[in-house]
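Q: What follows is a protein structure lacking sequence information:
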């Protein structure tokens, strides 16, 4: 299958519409800019090569379809380079997210930046929705950010 299917500009369109959300997601998971770049590159490449019936690049469904690929790209990088840690300057919220446990940080990032539901996050991470809800709630409390806590849906 060709990289971009019938639309040669698909990667550009995806990046224009969802690049900031993908970068925020990857940066929150990786904890640094370099790791975020690698996760996005691996995720988008894998997504474009493997998913034949992709949602339109400018639709909200595209970010939901891409998020698991970026997550898996990050996981492969973490597993391959577990002994190396690159620390770079990050925006304050990303720096604070890095303080959370990996599963908490990843759950919050997938929910916040990729827009996945609690159930979708749970499925992707192999956890129960209740466990993910607890992890996210505790993680947000640990961040001690009342504005973030106020934005949590009541069903969480």
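A: Yep, that arrived. This structure is a prediction, so every number in the text was calculated from the model and none was measured. Residues are numbered from 1 along each chain as shown.

Q: Going by C-alpha atoms from here, please, whenever you check contacts or count neighbours.
A: Will do.

Q: who's in contact with the strand or helix carrying residue 103?
A: Here residue 103 sits within helix 102-112, counting by DSSP states H and E. Contacting residues not belonging to helix 102-112 are listed as 24-26, 28-29, 67, 97-98, 116-118, 121, 132, 135-136, 139 [C-alpha atoms under 8 Å, 6 or more residues apart in numbering].

Q: Repeat the analysis, applying 6 Å as the threshold.
A: Contacting residues not belonging to helix 102-112 are listed as 25, 28, 29, 116, 135, 136, 139 [C-alpha atoms under 6 Å, 6 or more residues apart in numbering].

Q: Can you get me a residue count around the first one?
A: Counted by other C-alpha atoms under 10 Å, the residues lying close to residue 25 total 30.

Q: Identify the residues contacting it.
A: Applying C-alpha under 6 Å, 6+ apart to residue 25 gives the contacts 109, 113.

Q: rerun that using 7 Å as the cut-off
A: Listed by C-alpha atoms under 7 Å, 6 or more residues apart in numbering, the contact partners of residue 25 are 109, 110, 113, 114.

Q: how much space is there between residue 63 and residue 110?
A: Computed as C-alpha to C-alpha, to the nearest Å, the residue 63 to residue 110 distance reads 10 Å.

Q: So which of the two has more stuff around it?
A: When residue 63 and residue 110 are compared for neighbours, residue 110 comes out ahead with 29 against 23, by other C-alpha under 10 Å.

Q: so where's this structure shaky on pLDDT?
A: Applying pLDDT under 70 to the chain flags residues 1-9, 77-95, 144-156.
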